[in-house]
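Novice: structure for the following, please:
(one chain, ligands or ions: 1)
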Amino acid sequence: MNANVDTDEISRFEALAAQWWDAHGDMAPLHVINPVRLRYIEQRSGSLRSKTVLDVGCGGGILTEALAQAGAIALGIDLAKASIDVAIEHARDQAIRVDYRCISTEELAAETPARFDLVCCMEMLEHVPDPAQTIAACAQLTKPGGHVILSTINRNPKSYALMIVAAEYALRLVPRGTHEYAKFIRPSELLRWARSAGLESADVMGLRYNPLLKSASLNSQDLDVNYFMHCRKPT
Ligand code: SAH
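Specialist: Okay, the predicted model is just below:
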């Protein structure tokens, strides 16, 4: 299989693995946005209780644990083994029931197609060589009638200024090299890839993050930087 993975990206995340659960460290923005994105997921897909949920590119499990705590039967996957180890240990320490595997999205899709009520893929598509292929695998993993929720970063001068210049250089919120501008994804591109994967787009929602106030909120009018897309797999 043509591996849809950038090994430099994986090495960078492996080097940061010890930081996943430091809410004030390099992963701070993910901790701040987590309750807001969980709320969006629940708004769009209904109660998570007893639903089978996959978290693609789960990292240390910040969202995966929250999904499990909201009642989901959650599985997190990531190709960074060090992150998966951190995720497993953290869930064990917190006594949260959640499964983790170090496996690619495409391999899991071949292994267990149509297995999940909901597939989430957050802040990961802008790190893979072929995001369309990842979205196709997400669609394959979803049950007919199920939900796919994606999030990524838009590509325009404002997102360049905020996510690269401000976040990596001026404010040093995240390590330099975390994001590559050319890999940011416009909503129109995400929509095209979702449709090619056989998904129907149900909603797009902007996410505003304020690093100074350490706050985040949903904003349907502002897709300029971070945004979500909710899709349904037809029955
Ligand atoms: N989804 C998590 C982590 C986002 S960081 C969250 O939002 O909290 C991006 C994650 O994508 C990292 O954990 C990285 O290891 C993972 N990743 C990057 N390329 C990947 C690939 N090809 N397959 C699986 N995971 C990948």
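
Novice: which residues sit against the longest helix anywhere in the chain?
Specialist: Counting residues, the longest helix found in the chain (DSSP state H) is helix 28-45. With contact meaning CB atoms under 8 Å, 6 or more residues apart in numbering, helix 28-45 is reached by 22-23, 48, 51, 59, 62-63, 66-67, 70, 117-118, 120, 122-123, 147, 149, 151, 167, 173-174, 202-203, 205, 207, 209, 211, 214-218, 226, 228, 230. All C-beta spots, glycine's among them, are computed from the backbone N, C-alpha and C.

Novice: the ligand next: which of those are close?
Specialist: Intersecting the contacts of helix 28-45 with the contacts of the ligand gives 59, 62, 63, 122, 123 (criterion: CB under 6 Å from any ligand atom).

Novice: I'd like the residues you listed as JSON lines, with pLDDT and distance to residue 104 appended.
Specialist: Below are those laid out as JSON lines (pLDDT from 0 to 100; distance: CB to CB, whole Å):
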{"residue": "59", "pLDDT": "98", "distance to residue 104": "15"}
{"residue": "62", "pLDDT": "98", "distance to residue 104": "20"}
{"residue": "63", "pLDDT": "98", "distance to residue 104": "19"}
{"residue": "122", "pLDDT": "98", "distance to residue 104": "17"}
{"residue": "123", "pLDDT": "98", "distance to residue 104": "17"}
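
Novice: in strands only, show me the residues you listed.
Specialist: Among those, the members falling in strands (DSSP state E) are residue 122.

Novice: ChimeraX command to pick out the buried ones of the ones next to the ligand among the contacts of helix 28-45?
Specialist: Buried subset of those, written as a ChimeraX selection, criterion 16 or more other CB atoms under 10 Å:
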select :59,62,63,122,123
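
Novice: filter the contacts of helix 28-45 to the buried ones?
Specialist: By 16+ other CB under 10 Å, the contacts of helix 28-45 give 48, 51, 59, 62-63, 66-67, 70, 117-118, 120, 122-123, 147, 149, 151, 167, 173-174, 205, 207, 209, 211, 216, 218, 226, 228, 230 as buried.

Novice: looking at those residues, which are in helices?
Specialist: Assigned to helices by DSSP H, the following of these qualify: 62, 63, 66, 67.

Novice: now the second one: how far from residue 139?
Specialist: Applying CB to CB, to the nearest Å, the value for residue 63 to residue 139 is 19 Å.
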